[in-house]
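J.: dropping the sequence and predicted coords here.
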Amino acid sequence: MAEELPTEVSEQEKVSEAEIAVHWKEEEYYYPSEAFVEQANAADPAILERFSEEHFPECFQEYSDLLAWDEPWNQMLDSSNPPFWRWFVGGRLNASYNCLDRHLEKYGDKAAIIWVPEPESEETQFITYSDLHRRVNEFAALLQDFCELKTGDRVTFYLPMIPELPVSMLACARIGVIHSEVFGGFSGAACGDRIADSGSHILVTVDGYYRSGELQDHKARADEALDAAAKLGQTVDKVLVWRRHPGQYASKSPMVEGRDFFVDEIIGKYRDEVVTPVSMPAEAPLFLMYTSGTTGRPKGCQHSTGGYLAYVAGTAKYYEDIHPEDIYWCTADIGWITGHSYIVYGPLMLGTTTVIYEGVPTYPDAGRAWRIAEKLGVNIFHTAPTMIRMLRKLGPDEPAKYDYHFKHLTTVGEPIEPEVWRWYHEVIGKGEAVIVDTWWQTENGGFLGSTLPAVHPMKPGSCGPAVLGIYPVIYDEDGKEVPAGSGRAGNICIRNPWPGLCQTVWGQPERFVDIYYGKFCKDRSSKDWHDWPYLAGDGAVQAADGYFRILGRVDDVINVAGHRLGTKEIESAALTVDEVSEAAAVPVVDEVRGRAVEIYVALKPGTAPSKAIENKVKEAVDRLIGKIARPRSVWIVQDMPKTRSGKIMRRVIAAISNFGDVGDVSTLANPEIVDEIRHHVQSEKVKRGDQPRELTPEEAAELRSFGHAE
Ligand code: PRX
């Protein structure tokens, strides 16, 4: 319906967006050191040719060869039912076997995981491949026997960064049970939604964990999750509670008799038990990972066993340059896709040592991360721009004080500003390390855009070309290709299927088709994959050298510190406050976290604005989603700027919040409200000293396209 209305982006606006892009400064290349190139897993540019489009899909044989298969597959890609692609058809394998058993002979005594508790007084744990194998087997035996779980069942985890999380993941994988981890920082209510959506009857959680020096009462939040799930009709039969300090209970929330069990009390029965890994079809789902989109209901991205593992092993080997003898540390949370792919599955499949840190990398001071790196000999470091900005702000000269040597650095999750990139390179990387800026998404399983570190030069602010076996295209709003070097931005799409792409949205296949393929698939009856470009939902521009610069989301998603938050989820939380009649969440530029959330609310007739209502809105967001989504400001307005069909123009309020250009508002149903809101919000911001610096052209372009997917 929206298409029939006066277009929200006028031709004039489109042109000026293009012009903005033209004036972007091209950054200089940086080159990898000879020492890096000499030891790299992929240093011969011939690999690019092997993965060129004419060798698709057979090129992925190289990735599948990195796995141990119980049964070889007989068809690389079955694309007969677009867009439900099937990879490695006929093959069978087990994920836990691939991460553990096959390494035992060679690496049994080597640390698979080094776990660093947040309190520096607690000892670091070195968990060898043999130890991990034993712990996974014991827990798998418990899941099978005590919980009566079987192949295809779903289990939700609500776990923070403790070794019991990868143990639980691999135990499920061992018996063909689909795991669904919910980020420990999410609220109980958000976890409850995900328990219900996945239909889990078992929840695995922990009593507490440390964050910024405080032992969090996590079991209390797990109980909120169980209540929320019950309200949605999902009963959880058993709750397995790991204890942060076995034998001591850290929570105030009572254990429920017959439902809640301390794992340390019941696991003894399974001591030294060995569970035969269940040989799973390549197509069997391995896990669900929920993410946000344009509607309030979270999407459970369903990742496969064979395709996902092959893609993650290949990208971890070539792009993270992981060798078995490396000490690799990724600071992401395992509760997000980065942690699944590049803390747990990727590194363990390659037989390396992966560091897991419980807490905040700047706790208790700016040197903590570098002390960990020095003490453990970390040589590959993987983090997000928000963390880099934070480390830079807190201790700009700190890294030089520590004797560590990184060969390789990764940035992921948000666009990185060139000056932040340079600090990462010069100060954290001490000018020695290569950097890969990896662009991808929860849905993708692994990287989509990055330089191949020993082959391509780096360019600050650009992720680089597409990775091996990925063939992107940028389309304008009308589906016309935007050529490289044109300086124009558009919608980045991937023209081909690839093994890491999720199989579907759990329980909502029609949503999978609509969200990722609805916009640019011209013929839904086509059986040819060439007709099905995957829509990433990001704006991007491609330079003449083929490098992509990712601008950010073009849909209703706000990326706060690399966490993807749906505006609809935040707005639904605000709407639970009695006095609120309408809500609109928008991104504002934030120096450290990339973006922060501001929310505009209109009140029910006869309700007077008050500080108390603002606080209620903030509390509702904390309670229903989590503190990461808490709005920085709540703006109570008389009315929202709307189109004639009544749609809220988030783009216009986003411009106001950022002191940007609101563009042409003459086609709105209530153009006069724009000035009123602008005056109210901006004068208050100036009073608070909350006026952001002038927007960069990239930021301006991103904000102008915000909300277009409505
Ligand atoms: O907008 C892009 C941004 O993060 C989104 C994906 O978020 P999520 O599914 O949570 O996955 C995060 C970890 C892969 C993308 O649509 N994004 C991710 N990586 C980059 C990025 N933006 C710019 N540069 C990146 N390297």
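T.: That came through, no problem.
J.: what about whatever residue of the stretch 1-150 of the chain ends up closest to the ligand, neighbour count?
T.: Closest residue of the stretch 1-150 of the chain to the ligand, CB to the nearest ligand atom: residue 27 (14.3 Å). (Each C-beta comes from the backbone N, C-alpha and C, glycine too.) Per other CB atoms under 10 Å, the neighbour tally for residue 27 reads 17.
J.: can you give me the distance of it to residue 202?
T.: 50 Å (CB to CB, to the nearest Å).
J.: try residue 524
T.: Residue 524 is 38 Å from residue 202, by CB to CB.
J.: the more surrounded of those two?
T.: Using other CB under 10 Å, the more surrounded residue of residue 524 and residue 202 is residue 202, with 22 against 12.
J.: quick check: bridge partners of that one?
T.: Using DSSP bridges, the bridge partners assigned to residue 202 are residue 155, residue 238.
J.: list the contacts of it.
T.: Residues in contact with residue 202 (CB atoms under 8 Å, 6 or more residues apart in numbering) are 143, 147, 149, 153, 155, 156, 236, 237, 238, 239, 240.
J.: of these, buried ones?
T.: 143, 147, 149, 153, 155, 156, 236, 238, 239, 240 (16 or more other CB atoms under 10 Å).
J.: touching, the fourth one and residue 177? I think so.
T.: Yes. With contact defined as CB atoms under 8 Å, residue 153 and residue 177 form a contacting pair (5.2 Å).
J.: residues from this protein in reach of the ligand?
T.: Selection of the chain residues close to the ligand by CB under 6 Å from any ligand atom yields 291, 337-338, 412-415, 437-442, 463, 536-538, 550, 552-553, 559, 564.
J.: so for the helix or strand harbouring residue 701, mean pLDDT?
T.: Under the criterion DSSP states H and E, the helix or strand holding residue 701 is helix 697-705. If you average the pLDDT over helix 697-705, you get 78.
J.: export that helix as CSV, just CAs?
T.: This file holds the C-alpha atoms of helix 697-705, laid out as CSV (Å, rounded to 0.1, in the frame of the first residue of the first chain):
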residue,chain,number,x,y,z
PRO,A,697,28.3,12.1,5.1
GLU,A,698,28.1,8.3,5.9
GLU,A,699,26.0,9.0,9.0
ALA,A,700,23.8,11.4,7.1
ALA,A,701,23.2,8.9,4.4
GLU,A,702,22.4,6.1,6.9
LEU,A,703,19.9,8.3,8.7
ARG,A,704,18.2,9.4,5.6
SER,A,705,17.5,5.8,4.6
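J.: what is it packed up against?
T.: Judged by 3 or more CB pairs under 8 Å, 6 or more residues apart in numbering; DSSP states H and E, helix 697-705 is in contact with helix 11-22, strand 534-542, strand 548-553, helix 650-657.
J.: C-terminal to the first one, what's the next element?
T.: Moving toward the C-terminus from helix 11-22, the next helix or strand (DSSP H and E) is helix 34-39.
J.: what comes into contact with that following helix?
T.: When contacts are defined by CB under 8 Å, 6+ apart, helix 34-39 is touched by residues 43, 321, 323, 407, 408, 432, 433, 434, 453, 454.
J.: which residues sit in contact with the second one?
T.: Read that as residue 321. Contacts of residue 321 by CB under 8 Å, 6+ apart are 36, 40, 41, 42, 380, 407, 408, 434, 453, 454.
J.: before we move on, what about the fifth one?
T.: With contact set as CB under 8 Å, 6+ apart, residue 408 has these partners: 36, 320, 321, 379, 380, 381, 433, 434, 435, 436, 453.
J.: between the residues you listed, which is nearest the ligand?
T.: Using CB to the nearest ligand atom, residue 436 is the member of the contacts of residue 408 that sits closest to the ligand, with 9.0 Å.
J.: looks to me like the closest one is in a strand.
T.: Yes. Under DSSP: H, G, I helix; E, B strand; the rest coil, residue 436 sits within a strand.
J.: how much space separates it from residue 303?
T.: Residue 436 sits 22 Å away from residue 303, going by CB to CB.
J.: of those two, which one has the most company?
T.: Set residue 436 next to residue 303 and count neighbours by other CB under 10 Å: residue 303 wins out with 28 against 25.
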